[in-house]
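Asker: Here is a sequence together with a model predicted from it:
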Amino acid sequence: MRLAPRLNDMAERISILLVEDDPVARSAVAANLAAHGNEVRAVPDGEEAMRQWELRRPDLVLLDLALPGIDGIGVVRRIRREATTPILILSARDREPDKVAALDAGADDYVTKPFGMPELHARIRAVLRRSAGPAADVEGVVRFGPLELDPGRRRVTVNGHLARLTPREYELLKTLLANPGRLLTHGRLLRAVWGVEYAEESHYLHVHVGQIRRKLAALDADGELARLIVSEPGVGYRVGDLEAEAGS
């Protein structure tokens, strides 16, 4: 099993597979990424992407959806059969169903074209932080700022005070915290917490996320958790990067 790169090395020695059929965009993005010290292999289609994937096993895949031959969704599914390598979609398709399909297939995040390179670099840093693993200690306790989730005791505290979550709220927060930075679709969260028969009942999520936010905010006098659960309308939720939020 290949170890994720250390966080303090990410900006310098990341191997990236860029899959983009537009030669102008491919050249521009590859040049920018390489100028920031990354090792970049840029290819124009899904078949070559899979060949390069097998040869090099990069740290990160940047992937367009509209590719000749094997499309982007097909590439995601093939990679996910054997690896958890971060996959960031770069696509002009901005419809919610396209985003949901890519994320449900196993992509980690989705950037809509046109995008700025600072945004792309920020998204890359976020998905690579996630690939380093959840923020749990040796006993499995997950910490995000003043929040602690202890799976052994099935309890959540904020600044040492117990957050009285219902079992569903606890499972929902636990699922999100286990995937820091990753955008989880409504369907994936509903299947994980309620079961497959509830995969279309997105209103359940809105209610429970609202309750979680309210209960955590009541114990968070400094507002550090205000951006803990970030929503992408029509698509899903992610755990925000508290470190980045604090520094912004």
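Answerer: It's in.

Asker: which helices and strands sit right next to the longest helix along the chain?
Answerer: Secondary structure of the chain per DSSP state H: the longest helix is helix 202-218. When contacts are defined as 3 or more CB pairs under 8 Å, 6 or more residues apart in numbering; DSSP states H and E, helix 202-218 sits against helix 167-177, helix 186-193, strand 229-232. From N, CA and C alone the C-beta is placed, and that goes for glycine too.

Asker: So for that helix, what gets flagged as buried?
Answerer: By 16 or more other CB atoms under 10 Å, the buried positions in helix 202-218 come out as 204-205, 208-209, 212-213, 215-216.

Asker: all helices in this structure, in order from the N-terminus.
Answerer: Ranges of helices within the chain are 23-35, 46-56, 72-80, 96-105, 117-131, 167-177, 186-193, 202-218, 242-247, based on DSSP H.

Asker: which one of those has the lowest average pLDDT?
Answerer: The weakest mean pLDDT among the helices of the chain belongs to helix 242-247, with a mean of 44.

Asker: From the recorded domain assignment, give the ranges for this protein.
Answerer: Annotated domains of the chain cover 7-131, 142-247 [automatic domain parsing].

Asker: I'd like to check which residues are in contact with the most centrally placed residue in the chain.
Answerer: In the chain, the residue lying closest to the centroid (CA atoms, centre = their mean) is R182, at 2.0 Å. Going by CB atoms under 8 Å, 6 or more residues apart in numbering, R182 touches 108-109, 127, 130, 238-239.

Asker: And those residues, which of them are buried?
Answerer: 108-109, 127, 130, 238-239.

Asker: Format these as CSV; extra columns: distance to D71.
Answerer: Output for the buried ones among the contacts of R182, formatted as CSV (distance: CB to CB, whole Å):
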residue, distance to D71
D108, 18
D109, 18
V127, 21
R130, 24
R238, 25
V239, 29
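
Asker: of all these, which comes closest to G46?
Answerer: Among the buried ones among the contacts of R182, D108 lies closest to G46 (CB to CB), at 18.2 Å.

Asker: For the residue of the chain positioned farthest from its centre, which non-adjacent residue is spatially closest?
Answerer: What lies farthest from the middle of the chain is H161; by CA atoms, centre = their mean that is 28.8 Å. Nearest non-adjacent residue to H161, counting by CB to CB, 6 or more residues apart in numbering: L219, 4.7 Å away.

Asker: Does that neighbour touch L165 like I think?
Answerer: No - contact criterion CB atoms under 8 Å: L219 and L165 do not qualify, at 11.3 Å.

Asker: More neighbours: these two, which one.
Answerer: Taking other CB atoms under 10 Å, L219 and L165 do not tie; L165 has more neighbours (21 against 18).

Asker: quick one: contacts of stretch 216-228?
Answerer: Outside stretch 216-228, the residues touching it (CB under 8 Å, 6+ apart) are 144-147, 156-159, 161, 163, 213, 239-240, 242, 245-246.
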